[in-house]
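**Q** structure here, sequence nowhere to be found:
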């Protein structure tokens, strides 16, 4: 009656902060809700500090620990390497894991630069020929509401798309006394709001439209340049070296116009990853704070009773939802990851390429680079390289 | 690094349908998020059919199975008996489990009649003297938003309460071809919408106000009297012997007026467990379809900027929420159960009485009986017995 | 270029408080937006106090004043008598106006008792034979959103109706120091929340369903029994002799179940006249605080994209709306009255009976009486007389 | 009892389409609700076609007509000239009216070019020395909710502003068969979505912040280049020579970041003039489709009960609202103009300068020009001239 042993696959996860906690819950839960060919084993947890990693492993339920990610990768009981570390280590871990013959799931953004992402994408492509699978953890693609939205757009229910407007609004840095964190250091995080949350809405909107941004004009800003290391405003201050906010306008390959905004200074908006898409025949709207809802306007029906409808995405016929609860019983943030690892495990078993793969992660990195380039050179138009 | 063995407590769960699935997730997850003194072991799953129970145990992750609930209760590796069966078996299982020295968590409504509930409450009271804990699974008390609401009312932020209006609206029976189910048979379910979902809003509102209903006038109705056994409208039909909808007006001990409605025929409302409470100083509103939000009107501030505010109940300072994700990252339905078993395990360890206990379940049963009595005798006023 | 003289019809309005102000705006505006056969002339304003009535006439734009409503009725330049006084004078004014050969528009509720309403309905029926028109000012029927709702129900888009839930929530009496007013005296107002706002939701829901309530069980309550005459809590107090809140459950002729609540103690709800109707094929929801919106759930389409849609009732094809502004430019409360007098003037010209007529007002009065009877005799079931 | 003659002021209005209709309602109603020192007389309506202008005057209630606006300006019974024509005639009419000693109210945008606007602003400044008043009809400043918002920001309740995001979304051009109109011809309208609706959100946000935009990067697009002259898709087509959509990012003088979007292709959004402002201490949100509501987040209170509150802007203490109805009884679009002419009449009487004056209109024109310049030269940064 156990899921261990035969029919299982060993996971080694590097990093045990916020992302590590939520990934763990996904690995632990997925096979109890979805039919997966291989049940994940929580084999090894990686972390730099032995005591803290041991404590995390005990709490989260991992069988073993390693303090050196190279050792973790080398273990025979690890077939999947799950990278939940800051962006500056993604490239080294991912390339080493691929070289060691492992499948790789990597947190987003894929890397801290286009150059790194290019190396990673090349390594993933080479490994794919060897049957290894790589995936970037743009988990918002696995929000059921956005999976429904993608299907509706692909089915033509919106017709030709004219407008995309998307914002990722948080407020946790709005208070200047919020303490320093690794996400505020360029050398670790690569960028600030742009890479952390802007990357999500870039990926999500490109996913929804099934096409890419071709160019952007951008503004970036750091509102608070120094922050207390430990939250004591009279204590030692450290330099914030990334953007607090990034906003840009852009154009999709098909000609659709787009506006984007990523900020952690939108007081009162806690995790408002929002988007609205207007097409010739219909429109969609979404806000992650109400992630089980999709708003849809059908412009093809009679005008008298047309209106944005709030679709509660909890029907068994909605993607992923059949595994969960009856209609109207909503699911939470963490299950976007459960869906992600479900799809990843399925791809591994089927020998199919996960989406988004590293090449997709690289393309998002190119958009991030174009935004930064525009913002640092007077907000002029910068084409997204391809 | 395992949570098994020392420091664990064995759970035996009877029933593996919808409630069994969600309870399992709670038992499996609770100690990975909350600090519990005793980590639950998924020891034994009980079900009548051996093959189906074995399959469920494998899927859900239980160590063993029993097809006779008496055998399950008798096992040494079971310290907690979790009752997830239809209401007609609650009394026998609970009383036997208590007699065997086990702690008991019982799904709601506590029983199918006041008489049964009285027996159960008496047994629980006797067992409590012996250090055994009993709890009724009115999980909505553990929705963080409602825990916040309770605290606000207890703190006097609403002042004297004048109005309660509450509805539990579903629509899964609206289609007359929805097939027959045990919930539609009086001998198994006790009642229909009244006991299944009406019980939730009775308990939740009494919990929020911290006082009881004293009397009611009620209407009950069965809209569809026969349903296909297997969903084929031309196939064999069976009799629906419970109410499809129940609605009543009532009065709380303090004089507050209340309206209630429970129905599975509110087309378009999937799981809209709603309530609104108006006090002398403030008001609250809630809808379970947006369970991470609480709406609050503060009548004590300046009138010019007063308005119902949508509080996103995802701050670390909100009850239970610190265990989960950062602000704005919502949780789902299932974690109301995770919170429930967290509190239950804590009570077991601390030797404190769980709330709601069987006496609370009995009191709700008395309200249900008063509603039924009013509805079947011309909708006149019926006092709730005490 | 003037609308005076030929092609006009003289209006004499009794009362110049809130209702008088809003009726005046309707009489003044209607022919500038709608094609009416007879443009209203603001001929005479009636009020008891000469100076205050003169001041009101100057402000509101009436040509003349009378301090005796009998004199107003007797004038040759008055063809329509518009009754905007408290309920205790409705009967005498209306019957006298009808006896004098005038058309009558009367504010709601029609009267302070069933007996008065019966006299008025009889007088109106007799006068109708003489070509005189009578109408009760249940203005919510002329909210475009509710006119759309009525049409949808009449067209069968909701199918058989199972549930009606309606509330009229205000909070202006929530503060116990809100001063005494005529609406709180039984001899003037007939009843409190019940007749003032409860009458509106009774009429509106019966209008929407096209059928009548057959019986009710009710609770009524006065929360604050004495109020300061002038708002000074230390000043002279006066007795509140009407209900502060009324709530009841009921049943429609077709079997639909209904819940109602009318209160002025719902803190934070300013003028929330709400309703929700669930049918076999669709559902509707409405809140007057957003009076230009109608929420509709279509249960006949595909389940995957079904959801309550917010229809903005500002399309030129919506009833009354073509007279106003482009889509998305909302109208206000006062134009429910503009629509009302438009329909009334049209009926006068066409020789057709206005709806709701005095017989409809009488029927609502009978529901009010049944509610009061139930509430004062232990909340038992009371059939609505017919 | 009449408002004519002494104590009145004569209005001559040029144009009788949509804007003429709504301005007329304001002139006709203002003194019946507000205390104005001078009641407007609807003296003369100007239009090019005699028959159509006569018909409009009869319907709308104007005393006389003129087919030559120069004749209208010259009349002694005209003290205020109200310009409701397309933008290409604003300059000539306004300057002539000012030269003739009249007060001038001019629809927005002030002109079709910066050069024209400069001439107009100079003429207005010169006339102001002579006691003549000029105002641009940016009516959204008179939405009570936005007047409250301005007050809150001026009072410091939001603290330093970091973000502005604003959209004006309509959909009436989304259908390619929507017929040609003067608003789609550059020579008449100056620009498309940019000047028609983009001007509103530029003015509104600058008004709210009390400061100006300093530069922008922009995109503009025409989605549909030819439209049927009469709505028959097989009939004669005409060239659309303006933008269908304009979007830009910008920066305020204080450093606040801003995003803007104006489009008539946002299918399902009928008149969604939206904005959201995030400050260090609070945030505001507004959508004109719900124009009686203001959403406010107070970041200075306790975090546990913080949330965006929906303030219903219908309290007597809210700006302009005391003139209307009791709380919860909303007003419509047209009364933004009633408020506008109320303020204008008050300024005329008091000898104070109306806001926004022609200098404000000129400044908005400079922003429009910067947007156009950026969009037509590769979306680079263009400073707003001053």
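**A** The structure has been received and is ready for your questions. Everything numeric here is computed off the predicted structure, so don't read it as measured data.
**Q** contacts only, for the closest residue to residue A:226 other than its chain neighbours.
**A** Nearest residue to residue A:226, sequence neighbours excluded (C-beta to C-beta, 6 or more residues apart in numbering or on different chains): residue A:237, at 4.2 Å. For glycine as for every other residue, the C-beta is placed from the backbone atoms N, C-alpha and C. Listed by C-beta atoms under 8 Å, 6 or more residues apart in numbering or on different chains, the contact set of residue A:237 reads A:226-229.
**Q** looking at those, which is nearest chain D?
**A** residue A:227 (14.7 Å; C-beta to the nearest C-beta).
**Q** quick one: that closest one and residue A:238 touch, right?
**A** Yes: checked against C-beta atoms under 8 Å, the pair residue A:227 and residue A:238 is within contact range at 6.2 Å.
**Q** test my guess that residue A:325 contacts residue A:316.
**A** No: Residue A:325 is beyond contact range of residue A:316, at 9.8 Å (criterion: C-beta under 8 Å).
**Q** the more surrounded of those two?
**A** Shown here are residue A:325 and residue A:316; by other C-beta atoms under 10 Å in any protein chain shown, residue A:325 has more neighbours (19 against 12).
**Q** secondary structure class for that one?
**A** Under DSSP: H, G, I helix; E, B strand; the rest coil, residue A:325 falls in the coil class.
**Q** just give the nearest non-adjacent residue to it, would you?
**A** Leaving aside its chain neighbours, residue A:325 sits nearest to residue B:333 (5.4 Å; criterion: C-beta to C-beta, 6+ apart).
**Q** isn't there a helix covering that neighbour?
**A** No: with three-state DSSP as the criterion, residue B:333 is located in coil rather than a helix.
**Q** what residue spans form the domains of chain A?
**A** Chain A breaks down into these domains under automatic domain parsing: A:8-139, A:146-376.
**Q** residue numbers of the stretch 101-250 of chain A in contact with chain D?
**A** Contact residues, the stretch 101-250 of chain A versus chain D (C-beta under 8 Å from any C-beta of the partner chain): A:162-163, A:165, A:167, A:171, A:174, A:217-219, A:221, A:223, A:245, A:247-249.
**Q** would you mark the buried spots in stretch A:144-163?
**A** A:144-150, A:152-153, A:157-159, A:161-163 (16 or more other C-beta atoms under 10 Å in any protein chain shown).
**Q** next, residue A:197: phi, psi?
**A** Note on residue A:197: backbone dihedrals following degrees, to the nearest 10 are phi -120, psi -30.
**Q** thinking again about what came up before, okay, the domains of chain A in TSV with mean pLDDT next?
**A** Output for the domains of chain A, formatted as TSV (pLDDT from 0 to 100):
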stretch	mean pLDDT
domain A:8-139	97
domain A:146-376	97
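**Q** who is residue A:249 paired with across the strands?
**A** For residue A:249, the beta-bridge partners under DSSP bridges are residue A:217, residue A:259.
**Q** okay but it is in contact with residue D:250, surely?
**A** No: judged on C-beta under 8 Å, residue A:249 makes no contact with residue D:250 at a distance of 10.5 Å.
**Q** what residues are shared contacts of those two?
**A** In contact with both residue A:249 and residue D:250: D:217, D:259, using C-beta under 8 Å, 6+ apart.
**Q** show me where chain A has its helices.
**A** A:18-33, A:50-60, A:69-74, A:90-99, A:114-128, A:144-154, A:186-189, A:193, A:199-209, A:335-350, A:358-376 (DSSP state H).
**Q** does the shortest one reach chain B?
**A** Spelled out, it's helix A:193. No: counting by C-beta under 8 Å from any C-beta, chain B has no neighbours in helix A:193; the shortest distance is 14.4 Å.
**Q** which residues touch that helix?
**A** Under the criterion C-beta under 8 Å, 6+ apart, residues A:168, A:170, A:242-246, A:262-264 lie in contact with helix A:193.
**Q** mark which of these are buried, thanks.
**A** A:168, A:170, A:242-246, A:262-264.
**Q** and residue A:262, what does it touch?
**A** Shown in contact with residue A:262 (C-beta under 8 Å, 6+ apart): A:167-168, A:193-194, A:196-198, A:201, A:245-247.
**Q** ok, residue A:42 next?
**A** Residue A:42 makes contact with A:11, A:13, A:24, A:27-28, A:60-63, according to C-beta under 8 Å, 6+ apart.
**Q** return only those of those found close to chain C.
**A** Among the contacts of residue A:42, proximity to chain C is found for none (C-beta under 8 Å from any C-beta).
**Q** would you format these as JSON lines with distance to chain D included?
**A** Formatted as JSON lines, the contacts of residue A:42 follow (distance: C-beta to the nearest C-beta, whole Å):
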{"residue": "A:11", "distance to chain D": "36"}
{"residue": "A:13", "distance to chain D": "32"}
{"residue": "A:24", "distance to chain D": "28"}
{"residue": "A:27", "distance to chain D": "32"}
{"residue": "A:28", "distance to chain D": "31"}
{"residue": "A:60", "distance to chain D": "28"}
{"residue": "A:61", "distance to chain D": "31"}
{"residue": "A:62", "distance to chain D": "33"}
{"residue": "A:63", "distance to chain D": "38"}
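**Q** so which bits of the stretch 51-200 of chain A are right by chain C?
**A** For the stretch 51-200 of chain A, the residues in contact with chain C (C-beta under 8 Å from any C-beta) are A:148, A:152.
**Q** for chain D, what's the nearest residue on the stretch 51-200 of chain A?
**A** For the stretch 51-200 of chain A, C-beta to the nearest C-beta, closest residue to chain D: residue A:162, 4.8 Å.
**Q** among the helices of chain A, show me which one is buried the most.
**A** Highest mean neighbour count among the helices of chain A (mean count of other C-beta atoms under 10 Å in any protein chain shown): helix A:193, with a mean of 27.
**Q** grab the nearest non-local neighbour of residue A:346.
**A** Using C-beta to C-beta, 6+ apart and skipping the chain neighbours, the partner closest in space to residue A:346 is residue A:36 (6.7 Å).
**Q** and the one you found, its phi and psi?
**A** phi -110, psi 140.
**Q** pull the number of nearby residues for it.
**A** Using other C-beta under 10 Å, residue A:36 has 22 neighbouring residues.
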